[in-house]
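Participant: The following comprises the amino acid sequence and a computationally predicted model.
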Amino acid sequence: MAPAPSSTTSAVTLNINGEKHQLTVDHRTTLLDALRERLDLTGTKKGCDQGQCGACTVLVDGRRAVSCLNLAVAAEGREITTIEGMAEGDRLHPVQQAFLDLDGYQCGYCTPGQICSAIAVIEEHAAGWPSAATDDVRPEAGPPPLTPDEIRERMSGNLCRCGAYVSIVQAVTRAAEAHEAEARGTDGDRDAQEAAA
Amino acid sequence: MREFGYQRADDVSGAVALLAADPDARFLGGGTNLVDLMKTGVERPARLVDVRELPLDGIEPTADGGLRVGATVTNSDLAAHPEVRRRYPALAQAVLAGASGQLRNMATVGGNLLQRTRCGYFADVSRPCNKRAPGSGCPAVTGEHHNHAILGASDHCVATNPSDMGVALAAFDAVVTYETLDGPGELPLADFYLPVGDTPDRETALPPGALITGIILPPAPVAAHSRYRKVRERASYAFAIGSVAAALTIEDGVVREARLAFGAVASRPWRAHAAEAVLTGAPADGETFAAAADAELAAARPLPDNEYKVTLMRNLVVAVLTELAEEAAR
Amino acid sequence: MTTATTGGRTTVRGVVGTSRTRVEGREKVTGAARYAGEIPFADLAHGWLVLSTVARGRIRSVDTEPVLAMPGVLAVLHHGNAPRLETDYVGLLGIPPDPTAAVFQNDRVPHLGWPVALVVAENSEQAREAAEALVVAYDEEPHDTRLTGAHPDAYPAAGVMPAETEKGDLDAGLAESPFVVDEAYTTPEEHHSMMEPHAATALWDGGRLEVVDSNQGTTWIQGELAKMFSLDESAVRVRSEHIGGGFGSKGLRAHQVSAVMAATVLQRPVRVVMTRRQMFSLAGYRSPTAQRVRLGADADGRLRALDHRSVSQTSTVYEFVEPSAGVARVMYDAEAHRTANEVVRLDVPSPTFMRAPGEAPGSFAIESALDELAERCGVDPVELRLRNEPETGPVSGLPFGSRNLEACFREGARRFGWDGRDPRTGVRRDGRWLLGTGTAAASFGAGAAPSTALLTAEADGGFTVRISAADIGTGARTALTMIAADALEVAPDRVRVRIGDSDFGPAMIAGGSMGTRSWAWAVTEAARELRERLALGTPVPPEGITVRSDTTAALGSLAQKERHSYGAQFAEVAVDTATGEVRVRRMLGIFAAGRIVNPLTARNQLVGGMIWGVSMALHEEAVRDRVSGGLYAPDLAGYHVATHADIGDIDADWVDDSDPEDPVGIKGVGEIGIVGAAAAVANAVWHATGVRHRDLPIRPDRVLSAAAANGGAAGTDGGAADA
């Protein structure tokens, strides 16, 4: 049974993958530990616990964040999406499918973080955000095309020690092209996928 | 990490009052630096006052043509904002050069201003450090100081400020606004960070218990012609070993106005006034740019293993100013 | 009851050699794959290691009382109360254990970051806080943690190969050579830094010790734990289903041993997970090396004399040798030929195997030296290597198995666009970047070690392979599925491969680029036997028909030969001499590495090795603080591994090189990718700038300093000096 709330613990409701979880947390508990140790959502990985590797990346209110530097108590009221919430039933998210098809991993430990990050990268790019790889950040220059260099820079917060970077970039490219084709409202989805293959 | 209390503040005055109630309390913003330091034992707060929900997340134009940026605006939102990118492109570039997409989504403007040095001795509680444990000594001076300060340091501390954002803010004369129990106040960034001297533990001129509410970017037409370049030991997701924020306006081949600030070379974002003085009114050419860099770096006091930073900064200044001059000529 | 057949409609040509996505891929991309620290146990307690803060000395006291009074704390284990361990034995790899893993046995502290206690508590937050609060007092002694090539305590040491080899008259050979290279090279301390930290949960279950771990070989760890805790091997079960990277580091370490101690003392499940910072002193590392290479050659670049000496460091408690001087024993012959591996015992943690031990740093030195020789002789670097292809093993005199290095260079040079390369340095520019290309050769041993496999024909027509293999990201699970399918002549979807459980019997570890080959051999043998059984038309009972193979005899009958994989590395770099930044724009590696089982995963692994080479060339360096003797900034912000942005267009491919002695034709692809890669990058930096970098990593400050020393090349015009 959970200990009674005291000054160093709090009863919180965490909204994770559309489901509400009520639990009492030690304030020291990070969102990452709450997911892994309390809620049995172990898809989110602990690589460094210091914000230096990206393995624990989740989406918080739709934006990617490292869960190791988020306190669970501070995550109340936010919508958390983890790797377990990305597929629709048996249907993988297009980014997951691209990682699987193009072998965008080796040991798999950084993979959930890479995938969560990639899903957000595609959204950030669609929203017109520039990156450190963008030559001209002024709005007049227009949104940068999502070149391999742009993907590499935007994905750099996710280390992969196995060195699967080349196939990860291929996977993100394929998923992004499919996403763009869909956004254009054309039937170019299939074409883009074929072009990327 | 020791146990601590946690409260979420609803408004600015409430946040300041909550902090004042506990001398061992800290404000929690994005947590990207504070939570890490709590894990390594450098910070041991008894209470966290979460200020992320405060209504300080706006970016608005000021009446005189500048911008006001709220303290809880995330680094990502700052860098993505069209007016920031249009009027102060070097600021957007600087923010984008820092950390990772994940961390920029979490980190706030207020927290970025207060982030601590990445000196490895500071982060290791088993080692002496005058910044963390005043009077215990500075192992970096005789130890590892490859990425430590060459400007404005002292024998007591040679740590650098790791912020990229702060370098651009320094170039653009940003003003920090804050709130205390006694009411609001403001500090120009130039006065915000204290000299190192023999008190490296005292980092800012903020009054005790003050909450940063935002920054004001004064109007600066020169800033529209600005650039940030950062050099680090890998291509991304690393702290700088040297960086430059620069802005130039050139008329008839002569520098009309120049702004220049350095990162990763001092305990604070380093505004290069001596270099700006050389630049202003001089021909916009490589000779001037090199002379400007030399004027600023004449004050450099490198240690044996970071002497390269003098060369690096000189070359960076020349490279970035040359790029800006070429851009102006197009 | 059914009758099994192994004839397949869909497997006429077999699947080995075709690209297949990973059988566990769906689990990995959905987060369903559970790694060692993620398997739930009722009543689990959490252990947190406490490490020494001094580099040498004795523990004077451990003040446990205040910590035991802290909330949730269950126990504090230390040298005063921990169970005694046996360390006088030889394990599966034929070597004695590194006593670093035998924690809490005495009061000696041999390095900073040595485990001095384990605090166990109800949850990890409590354990962490209590571990931080534990006061340990030391009697500190002066330490020496600094390796130099001229260290007076260096001595020749054997490790996995003879310490020294020598033939011919070296001095005479050098004196007679019109072209001589005599240079020193250094590589820094490097860390595996796999993404998943070491984690183990130990518990006693019905008189049997269960350990759920992340390791490179379950029967290896089972054997080590059994011997160390004086248990019968059958009383220990080790499981390791998914492993978040290993690279040589995931063997027996403090986390498993301390978890077993705590589970024994508390009689409940205990999990110990290393923190990232702890890994930098507990998980092993690659020793720094100080190397000297002397080459003497004829005018046409043919070697007459070769001398390679490498000094590495080890701890005061264990002798591990980074055998960097071993490369030339395989790669290059000369009438006068001398190689020597030496070590210095310092007050540092024990180094260990790390991806291509010896070959990675050794190839940097010798392949850089060959590039220098090519420059001095005026011979193209590719041509120089081809002219020096030996007929037989330079030291052993044994015949080579297949040696397809030339094919790698020919194919690589063609595809990379090497032919017609302008040898001048510092003359190609793209904006602020100077461009250059470089090449290097690669080799790595191809071997197999005895393994057993269980193969079951199931009553439902399927087949189950059980083997205590480890998939540390190599794709072994998928490769073994394909191999079993072909050996059984069935479609892969009828084959289920279960790995990572010591109950499946002894098998080779995932290491030495020998895992997949060793396991595939056992699986192939089992399949052959099972097919013979099934060919008799025996009906399959409900529990299936199981055969067990053991490759010990087959491997023992192999003739002695020089068996290796080879490769040719090509790199193009861009260097900004004004800022010191170096970027690898593209790389191509062509390998002769045996038959490629699964091109999709093999290419990924080879490219991954090349990325390690880029990372080694430009980024990786653990810096030891001279005053404390510990690492400076030991975390992933302080220790730089390559990020996405550091990696340009890198591709790997291969030439036909099926090994006729292996039942499947495999050699192994785990390590060859890193070999020579750093040298190719460094050689390209020389070609770009005219500056030779003999110390890794090629950091911006080194490029800047070299450019400045080279005559103001770092000046305002950014121009580079020509050689």
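Facilitator: Received it, and whenever you're ready, just let me know what you need.
Participant: what residues go with each domain of chain B?
Facilitator: Listed by automatic domain parsing, the domain ranges of chain B are B:5-50, B:223-329.
Participant: most tightly surrounded among those domains?
Facilitator: domain B:223-329 (a mean of 22; mean count of other CB atoms under 10 Å in any protein chain shown). To be clear about C-beta, it is placed using only N, CA and C from the backbone, and glycine gets the same treatment.
Participant: Turn the domains of chain B into JSON lines, including mean pLDDT and distance to chain A.
Facilitator: Output for those, formatted as JSON lines (pLDDT from 0 to 100; distance: least, CB to the nearest CB, whole Å):
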{"stretch": "domain B:5-50", "mean pLDDT": "96", "distance to chain A": "5"}
{"stretch": "domain B:223-329", "mean pLDDT": "98", "distance to chain A": "4"}
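Participant: With distance to chain C as extra columns, can I get those in CSV?
Facilitator: CSV is the format used below for the domains of chain B (distance: least, CB to the nearest CB, whole Å):
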stretch, distance to chain C
domain B:5-50, 6
domain B:223-329, 4
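Participant: contacting residues around the closest residue to B:A328 other than its chain neighbours?
Facilitator: Distance criterion CB to CB, 6 or more residues apart in numbering or on different chains; nearest residue to B:A328, sequence neighbours excluded, is B:I250 at 4.6 Å. Applying CB atoms under 8 Å, 6 or more residues apart in numbering or on different chains, we find B:I250 in contact with B:R256, B:A284, B:A325, B:A328, B:A329.
Participant: redo that, cut-off 10 Å
Facilitator: Taking CB atoms under 10 Å, 6 or more residues apart in numbering or on different chains, we find B:I250 in contact with B:H225, B:R256, B:E257, B:A258, B:P283, B:A284, B:L324, B:A325, B:E327, B:A328, B:A329.
Participant: In helices only, show me those residues.
Facilitator: Judged by DSSP state H, these include B:L324, B:A325, B:E327, B:A328, B:A329 as members of helices.
Participant: give the contact list for C:L51.
Facilitator: B:126, C:109, C:111-117, C:131, C:136, C:254, C:275, C:277-278, C:281-282, C:630.
Participant: and chain A, which of these reach it?
Facilitator: By CB under 10 Å from any CB of the partner chain, the members of the contacts of C:L51 lying near chain A are C:T275, C:R277.
Participant: Just the buried ones from the contacts of C:L51?
Facilitator: Buried members of the contacts of C:L51, scored by 16 or more other CB atoms under 10 Å in any protein chain shown, are C:109, C:111-117, C:131, C:136, C:254, C:275, C:277-278, C:281-282, C:630.
Participant: what ranges do the strands span in chain A?
Facilitator: Listed in chain order, the strands of chain A (DSSP state E) span A:9-16, A:19-26, A:57-60, A:63-66, A:79-81.
Participant: Could you do the stretch 451-600 of chain C as well?
Facilitator: Ranges of strands in the stretch 451-600 of chain C, per DSSP state E, counting those that start in this stretch, are C:452-457, C:463-466, C:495-498, C:545-550, C:564-576, C:581-592.
Participant: quick check: mean pLDDT across the first one?
Facilitator: Meaning strand C:452-457. The average pLDDT within strand C:452-457 is 98.
Participant: again with the third one
Facilitator: If you average the pLDDT over strand C:495-498, you get 98.
Participant: Identify all contacting residues around that strand.
Facilitator: C:15, C:23-24, C:241, C:453-456, C:458, C:462-469, C:471, C:476-488, C:504, C:519, C:523, C:527.
Participant: restrict those to those near chain A?
Facilitator: Restricting the contacts of strand C:495-498 to those touching chain A (CB under 10 Å from any CB) yields C:E24, C:D471, C:T478.
Participant: The closest residue to chain C within chain A and A:V58: what is the separation?
Facilitator: When scored by CB to the nearest CB, chain A has A:G43 as its residue closest to chain C, at 1.9 Å. According to CB to CB, to the nearest Å, A:G43 and A:V58 sit 9 Å apart.
Participant: the more surrounded of those two?
Facilitator: Set A:G43 next to A:V58 and count neighbours by other CB atoms under 10 Å in any protein chain shown: A:V58 wins out with 31 against 26.
Participant: Bridge partners for the more buried one, pull those for me.
Facilitator: A:V58 has these beta-bridge partners by DSSP bridges: A:A65.
Participant: Enumerate every residue touching residue 122.
Facilitator: Looking at chain A here, since you left the chain open. Contact analysis of A:I122 by CB under 10 Å, 6+ apart lists A:94-95, A:146, A:151, A:154, A:172, A:175-180, A:183.
Participant: To clarify, I was referring to chain C.
Facilitator: C:D43, C:L44, C:A45, C:H46, C:P71, C:G72, C:V73, C:L74.
Participant: now C:A199
Facilitator: Contacts for C:A199 (CB under 10 Å, 6+ apart) come out as A:46, C:35-39, C:212-214, C:244, C:255-256, C:259, C:271-274.
Participant: in the longest helix anywhere in chain A, what's buried?
Facilitator: Counting by DSSP H, the longest helix found in chain A is helix A:165-183. Across helix A:165-183, burial judged by 16+ other CB under 10 Å covers A:165-181.
Participant: so which strand or helix has the nearest residue to C:G630 once chain neighbours are set aside?
Facilitator: Here the nearest residue to C:G630 in space, its sequence neighbours aside, is C:L112; by CB to CB, 6+ apart that works out to 3.6 Å. Following DSSP states H and E, there is no helix or strand that holds C:L112.
Participant: same thing with B:A247?
Facilitator: B:A247 is part of strand B:240-251 when elements are defined by DSSP H and E.
Participant: Now do that strand: distance to the chain's middle.
Facilitator: Strand B:240-251 sits 15 Å away from the centroid of its parent chain (CA atoms, centre = their mean, to the nearest Å).
Participant: Would you map the strands across the stretch 251-400 of chain C?
Facilitator: Assigned by DSSP E, counting those that start in this stretch, the stretch 251-400 of chain C shows strands spanning C:270-273, C:289-297, C:303-314, C:336-345.
Participant: What of chain B?
Facilitator: Assigned by DSSP E, chain B shows strands spanning B:5-8, B:25-28, B:47-50, B:59-61, B:67-70, B:175-180, B:183-188, B:211-217, B:226-232, B:240-251, B:254-263, B:270-271.
Participant: Listing partners with orientation, what would you give for the longest one?
Facilitator: Looking at strand B:240-251 with DSSP bridges, its partner strands are strand B:226-232 (antiparallel), strand B:254-263 (antiparallel).
Participant: what sits against residue 91?
Facilitator: Just so you know, I chose chain A. Neighbours of A:R91 in contact, by CB under 10 Å, 6+ apart: A:Q97.
Participant: My question was about chain C, not that one.
Facilitator: C:P97, C:W220, C:I221, C:G223, C:E224, C:A226, C:K227, C:M228, C:G251, C:L252.
Participant: Out of those residues, the closest to C:A374 would be?
Facilitator: C:G251 (39.3 Å; CB to CB).
Participant: How many residues are close by that closest one?
Facilitator: With neighbours defined by other CB under 10 Å, the count for C:G251 comes to 26.
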